[in-house]
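> Build the 3D model from these lines:
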Amino acid sequence: MFTRRRRRGKALRAAETIQAEAVRLQAQQQVDEDARRAAQERERFELEVLVPLRREAEEAEEQRTEARKGKKRSGRRERAQRWFDAAAHSWNALLDNHLAHLLVGFSVAVAWVGQYRWLHDGLNLWLVVAAMGATVLEVAFTVAQRIVREAAKFHDPAWIARGVMWSVTGLAAHNLAVHVNPLMGAFSILGPALWELHQWWQRRKARYARGELTPRPRFRWDERRYFRDEVALAQRLAVRYGIAEPRVALAWARAELAESETRDHAAELRAALERFSRVVTAAAAANRDLVSARPADSLVTVPQALVAAEVAPPQGKTTPPSVIRPEDAESQQPADEPKQSKPAEERPTNVRPLRRPAGGGKREQGRVWFLQQVAEGRDPEDISAAEVDRAIGASGYSKKFIADWRSAARQAEHVVGE
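Below you'll find the predicted structure:
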């Protein structure tokens, strides 16, 4: 019995031990799960929060670093620009004040040698006298040059002083070419020529500063080659109105040319209308003179509006009303209308009687038809004799008189024009 109890106790203790171990393992698993969850939460927090924050911090640091570098670069650039401007200003000051004088001084030294050789070798003067004479000539050159430079401040050309300066320069160049070397003579002229060029540019720069001159537009070579008229007009407009932009000057020139073409076309139209009016007036006057000189028998009617060339003539190949013969007047009426003779008192008031001449009727009819065609705007040279023959019902008749009719039409036009 005691042994049974001992076995039971061992079994209970083993069961308790197993249960405790299971509880411990379960707790350990819970701890491990919590740790794993905590690690996942930490990783998620790092990915969602810490990594963007670190990236933003790195970008901000890079921006600050770039800003510091840019500031240093801009500082270096500004210092270099200030140094360059100072150097350019110093160089310009040297050009304005000293370099031209150095050129003149070099020319004076070279010219003095030529003057001295001329006085000593050419004129056989003493050495001291020749040196003093050469010095006097070059001092005169220097004084004249200074007068010219001072006169330029007051816009005075100082032609007398300039003439003295260049006279001494020419004499020195001749003496150097004869007694020393032609190349030295050319060198003696180079200095005053460059000084004159420098003075010219100084005057021009002052005029630019005062606004008296404006930069002229520069056109490309292809524009000058293919658009000569437009470029020439653009240059004139640029000089007149002070235009510096070439595109603006070309636009103005194209607008001016278009307006000029419009004016020329309108003038041509007016001249053509005036010429047509003179021809119409001359033809109407000739027709009135012809009608007033005829008897009152064998009359046919001519619309007065057609004579004045205010209404177009009837279309087709019918004979004009002014040359309808009495025997043909009835043949042109419609066939279905009865032939009626209109009483004299019912004659329209806007027609003019025209008598067929008793003698030479074909010639007069041809002349009247020819003048009416001229009055309607046709050129007398374009009207042929065959056309006149068809109009008056003749054959080979008008070619004898067509030249006289053309001459009469041109003479009438000339008289009306005067």
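
> Quick check: phi and psi at W126.
phi -60, psi 160 (degrees, to the nearest 10).

> Quick one: end-to-end distance for stretch 396-410.
Start and end residues of stretch 396-410 are separated by 23 Å (Cα to Cα, to the nearest Å).

> Report the distance from that stretch to the chain centre.
In terms of Cα atoms, centre = their mean, to the nearest Å, the centre of stretch 396-410 is set 53 Å apart from its chain centre.

> Which positions in that stretch come out as buried?
397-398, 401-402, 405-406, 408-409 (16 or more other Cβ atoms under 10 Å). In this view, the C-beta of every residue, glycine as well, is placed from N, C-alpha and C.

> What of stretch 361-368?
Buried, per 16+ other Cβ under 10 Å, within stretch 361-368: 362-368.

> returning to that earlier point: farthest pair within the buried residues of stretch 396-410?
Y397 and A409 (18.6 Å; Cβ to Cβ).

> Just give me the residue right at the centre of the chain.
L250 (1.2 Å; Cα atoms, centre = their mean).

> Okay, and which of the buried residues of stretch 361-368 map to helices?
362-368 (DSSP state H).

> ok, back up a step: closest one to P182 out of the buried residues of stretch 361-368, please.
R367 (88.4 Å).

> ok, now which ones touch the residue nearest to that closest one when sequence neighbours are not counted?
Of all residues not flanking R367 in the chain, W405 sits nearest, at 5.7 Å (Cβ to Cβ, 6 or more residues apart in numbering). Contact analysis of W405 by Cβ atoms under 8 Å, 6 or more residues apart in numbering lists 366-367, 370-371, 380.

> May I see those residues organised as CSV, with pLDDT added?
Formatted as CSV, the contacts of W405 follow (pLDDT from 0 to 100):
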residue, pLDDT
G366, 83
R367, 82
F370, 84
L371, 82
P380, 82
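
> now the helices for the stretch 151-300 of the chain?
159-179, 182-210, 221-226, 228-241, 246-292 (DSSP state H, counting those that start in this stretch).

> With respect to R146, which of the ones in helices among the buried residues of stretch 361-368 is nearest?
Closest to R146, out of all of these and judged by Cβ to Cβ, is R367, at 91.5 Å.

> you'd agree the closest one is up against S398?
No: using Cβ atoms under 8 Å as the test, R367 is too far from S398 to be in contact (9.1 Å).

> how far does stretch 398-407 stretch from start to finish?
Termini of stretch 398-407 sit 14 Å apart (Cα to Cα).

> mean confidence for that stretch?
Average pLDDT, stretch 398-407: 82.

> How about stretch 118-137?
88.

> From the opening residue of it to its closing one, how far?
12 Å.

> May I ask which helix or strand of this structure has the lowest mean pLDDT?
The weakest-scoring helix or strand in the chain, judged by mean pLDDT, DSSP states H and E, is strand 351-355 (a mean of 37).

> circling back: export the helices of the stretch 151-300 of the chain as CSV, with columns for distance to V143 and mean pLDDT.
Below are those laid out as CSV (distance: least, Cβ to Cβ, whole Å; pLDDT from 0 to 100):
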stretch, distance to V143, mean pLDDT
helix 159-179, 8, 89
helix 182-210, 14, 83
helix 221-226, 47, 82
helix 228-241, 39, 83
helix 246-292, 46, 81
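
> Outline the domain layout of the chain.
The chain breaks down by automatic domain parsing into domains covering 99-210, 274-324+349-417.

> any chance of those in TSV, plus distance to A38?
Shown next, in TSV, are these (distance: least, Cβ to Cβ, whole Å):
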stretch	distance to A38
domain 99-210	81
domain 274-324+349-417	110
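
> out of these, which comes closest to R79?
domain 99-210 (26.9 Å).

> Please state the offset of the closest one from the chain centre?
With Cα atoms, centre = their mean, you get 46 Å for domain 99-210.

> got the angle between the helix or strand hosting G133 and helix 159-179?
For G133, the element it lies in under DSSP states H and E is helix 127-152. Helix 127-152 and helix 159-179 are oriented at 140 degrees to each other (axes from the mean of the first three to the mean of the last three Cα atoms, to 10 degrees).

> Which residues are in contact with the residue nearest to R363 when sequence neighbours are not counted?
What sits nearest to R363 in space, not counting adjacent residues and going by Cβ to Cβ, 6+ apart, is F401, at 5.9 Å. Applying Cβ under 8 Å, 6+ apart, we find F401 in contact with 363, 366-367.

> can you rerun that using 10 Å?
With contact set as Cβ atoms under 10 Å, 6 or more residues apart in numbering, F401 has these partners: 362-363, 366-367, 370, 385, 388, 408.

> mind putting the residues you listed in JSON lines, distance to E61 included?
Output for the contacts of F401, formatted as JSON lines (distance: Cβ to Cβ, whole Å):
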{"residue": "K362", "distance to E61": "116"}
{"residue": "R363", "distance to E61": "116"}
{"residue": "G366", "distance to E61": "110"}
{"residue": "R367", "distance to E61": "110"}
{"residue": "F370", "distance to E61": "105"}
{"residue": "A385", "distance to E61": "107"}
{"residue": "V388", "distance to E61": "107"}
{"residue": "A408", "distance to E61": "107"}
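
> And Q202, how far from P192?
15 Å (Cβ to Cβ, to the nearest Å).

> Looking at those two, which is more packed in?
P192 (24 against 16; other Cβ atoms under 10 Å).

> if we can go back for a sec, need the overlap of contacts for R367 and S398.
388, 392, 405.

> what number of residues lie near the second one?
What that stands for is I392. 22.

> try Q199
Neighbour number of Q199 under other Cβ under 10 Å is 15.

> which residues touch it?
Per Cβ under 10 Å, 6+ apart, neighbours of Q199: 100, 145, 148-149, 152.
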